[in-house]
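Participant: here is a sequence with its predicted model. Questions after.
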2 protein chains.
Amino acid sequence: MQRLDNTFTALSDATRRAIVARLADGEQPLSKLAEPFSMSQTAVTKHVRVLSDAGLVIVEKRGRTRHCKLDAAPMKEAMDWLKYYEAFWADKFASLAKHLEKKKKQ
Amino acid sequence: MQRLDNTFTALSDATRRAIVARLADGEQPLSKLAEPFSMSQTAVTKHVRVLSDAGLVIVEKRGRTRHCKLDAAPMKEAMDWLKYYEAFWADKFASLAKHLEKKKKQ
DNA sequence: ATAATAGTCAACCAAATAGTTGAGTAATTA
DNA sequence: TAATTACTCAACTATTTGGTTGACTATTAT
């Protein structure tokens, strides 16, 4: 529950989603990561903190730099949660019936 | 962008996810919807507001009651965003390589 | 007509978020 | 050794969030 909270919260901010996108291209030291954003490095550090609290980013101290890398694992849970509702957008009209039938089987 | 912000924000709260889950079983008037939660109806109304701002819930005035129903459509975008990173949790070791190859093709 | 129900609205509060700045530390480079 | 780089930390600010209560409106039921 708390885990999903943290994951969705982390992804609810465009800056943080941009950080995730950049880390998908490979790990980055904090300073490099902060460069393209028009905000202080401290602010970026805080965003990274939210991401690492959610387990989406792993920060590793290496000399004087902090290397950030993506760990997408928590996204799987978020996706599984969403997947549960897939029928509702896939076939809007039949969705409720499908859902109830599925529930009945459980 | 803003749309994704709203969707992820709406889903970042356990109470709101519970509301979504209940509405999956069928539409509900606000009062019924609020019953199981240990908070005021006003508080629930506010959560519903966040959900409807995100387009996840449609509120329809009918007499003195407000009927809430699920619209899962915005979840699709959220899921598509997550799907982009699927390779990263599906095969942790090959993930970066796969991603970069995919990017190269675009 | 009266009472009960369903909901809104405004005001308030505490805590969290998203940012800033300035000072300090630790590691690297010159 | 001195300067620069990478970053942390504390303090402050403004805004948002998640909740409360009390008073009000509108609809329905008796």
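Facilitator: Thanks, I have the structure now. These numbers come from a predicted model, not from an experiment.
Participant: which residues touch the top helix by length along chain A?
Facilitator: Using DSSP state H to define each element, chain A has its longest helix at helix A:41-53. Residues external to helix A:41-53 that are found in contact with it (Cβ atoms under 8 Å, 6 or more residues apart in numbering or on different chains): A:6, A:9-10, A:13, A:15-16, A:19-20, A:30-31, A:33-34, A:37, A:57-59, A:68. Where C-beta positions appear, they are placed from N, C-alpha and C, glycine not excepted.
Participant: now do 6 Å
Facilitator: Under the contact criterion Cβ atoms under 6 Å, 6 or more residues apart in numbering or on different chains, helix A:41-53 has outside partners A:6, A:10, A:15-16, A:34, A:37, A:57, A:59, A:68.
Participant: now a PyMOL select for only the buried ones of those.
Facilitator: Selecting only the buried entries of those in PyMOL, with 16 or more other Cβ atoms under 10 Å in any protein chain shown as the criterion:
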select buried, chain A and resi 6+10+16+34+57+59+68
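Participant: if we look at DNA strand C, which of the contacts of helix A:41-53 are close to it?
Facilitator: Restricting the contacts of helix A:41-53 to those near DNA strand C by Cβ under 7 Å from any atom of the strand leaves A:Thr15.
Participant: JSON lines for the contacts of helix A:41-53, including secondary structure and distance to chain B?
Facilitator: JSON lines is the format used below for these (DSSP: H, G, I helix; E, B strand; the rest coil; distance: Cβ to the nearest Cβ, whole Å):
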{"residue": "A:Asn6", "secondary structure": "helix", "distance to chain B": "8"}
{"residue": "A:Ala10", "secondary structure": "helix", "distance to chain B": "8"}
{"residue": "A:Thr15", "secondary structure": "helix", "distance to chain B": "10"}
{"residue": "A:Arg16", "secondary structure": "helix", "distance to chain B": "10"}
{"residue": "A:Ala34", "secondary structure": "helix", "distance to chain B": "20"}
{"residue": "A:Phe37", "secondary structure": "coil", "distance to chain B": "15"}
{"residue": "A:Val57", "secondary structure": "strand", "distance to chain B": "12"}
{"residue": "A:Val59", "secondary structure": "strand", "distance to chain B": "17"}
{"residue": "A:Cys68", "secondary structure": "strand", "distance to chain B": "14"}
